[in-house]
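**Student:** let's see this in three dimensions:
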Amino acid sequence: MSASTSLPARFRAGALLVLVPLVASIAVVLVLGPPADAKVRKWNSLETPLTAFDNGKAKASGYGTWQIGTTVNGTRSQAYGYLRDRDTTNDNAVYFELFTQTNAGTCLAPEYTSCSASYFTYASQFSDFDKETWRKGTWSPRFYASTALNPSGSYARALMQVSESNSGPDTHSKNTFTKGNPY
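**Tutor:** Residues are numbered from 1 along each chain as shown. Here you go, the predicted model:
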């Protein structure tokens, strides 16, 4: 150590080298705001729920939200929803299913709906991770489903479906799509 540079002076210079990039990073976050993946997208509503029909008779209804979020398992596609069994006389349970669709094209704002590459289904999951989710004629508490995201993709959306779990083929609603989010 030279006599002209004391230990405290070297420490201050090193601390400055660490502090400047840290302050710059915080400034970038403050200017840019929260990440775009924080947008919550609706799939249907209480007033217009997604409904599965069998021979013209309503069997299952549901609505909820979808988002991209961070969990202990990393960045995930997350659906939350409410269910209602529309035919409690047959003892069949109802559920929703999240189909996470991703792409790696260029998507244009607003809402990431116009993309240069097609979305494709990457992963799917049942509400509460179980097809036997709800059997009551009243609206359920909030249920959850999540999937991984395609590591090669950059945009995602949810294809949602409400179904009745039967002993034979399940009765499914039509598909509904959320608006997309970058990730």
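
**Student:** for the top strand by length along the chain, what does the pLDDT average out to?
**Tutor:** Counting by DSSP state E, the longest strand found in the chain is strand 57-71. Averaging pLDDT along strand 57-71 yields 96.

**Student:** so which elements touch that strand?
**Tutor:** Where contact means 3 or more Cβ pairs under 8 Å, 6 or more residues apart in numbering; DSSP states H and E, strand 57-71 is packed against strand 41-43, strand 50-54, strand 74-85, strand 94-103, strand 155-164. Any C-beta I mention is one placed from the backbone N, CA and C, and that applies to glycine too.

**Student:** now the angle from that strand to strand 74-85?
**Tutor:** If you take axes from the mean of the first three to the mean of the last three Cα atoms, to 10 degrees, strand 57-71 sits at 160 degrees to strand 74-85.

**Student:** in strand 57-71, what's buried?
**Tutor:** 58-68 (16 or more other Cβ atoms under 10 Å).

**Student:** what residue ranges in this structure score low on pLDDT?
**Tutor:** Applying pLDDT under 70 to the chain picks out residues 1-38, 108-114, 116.

**Student:** next up, the contacts around the residue lying closest to R84 once chain neighbours are set aside.
**Tutor:** Closest residue to R84 apart from its sequence neighbours, by Cβ to Cβ, 6 or more residues apart in numbering: S61 at 4.6 Å. Counting by Cβ atoms under 8 Å, 6 or more residues apart in numbering, S61 makes contact with 49-52, 83-84, 86, 94, 162.

**Student:** state the distance from S61 to T171.
**Tutor:** 12 Å (Cβ to Cβ, to the nearest Å).

**Student:** what touches both of those two?
**Tutor:** Shared contacts of S61 and T171, counting by Cβ under 8 Å, 6+ apart, come down to A52.

**Student:** coming back round to it: okay, the helices and strands packed on strand 57-71 in a markdown table with distance to A123 next?
**Tutor:** Putting the helices and strands packed on strand 57-71 into a markdown table (distance: least, Cβ to Cβ, whole Å) gives the following:
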| stretch | distance to A123 |
| --- | --- |
| strand 41-43 | 17 |
| strand 50-54 | 20 |
| strand 74-85 | 7 |
| strand 94-103 | 5 |
| strand 155-164 | 10 |
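
**Student:** turn those strands into JSON lines, including distance to E132 and mean neighbour count.
**Tutor:** Below are the helices and strands packed on strand 57-71 laid out as JSON lines (distance: least, Cβ to Cβ, whole Å; neighbours: other Cβ atoms under 10 Å):
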{"stretch": "strand 41-43", "distance to E132": "21", "mean neighbour count": "19"}
{"stretch": "strand 50-54", "distance to E132": "15", "mean neighbour count": "19"}
{"stretch": "strand 74-85", "distance to E132": "11", "mean neighbour count": "22"}
{"stretch": "strand 94-103", "distance to E132": "7", "mean neighbour count": "25"}
{"stretch": "strand 155-164", "distance to E132": "11", "mean neighbour count": "24"}
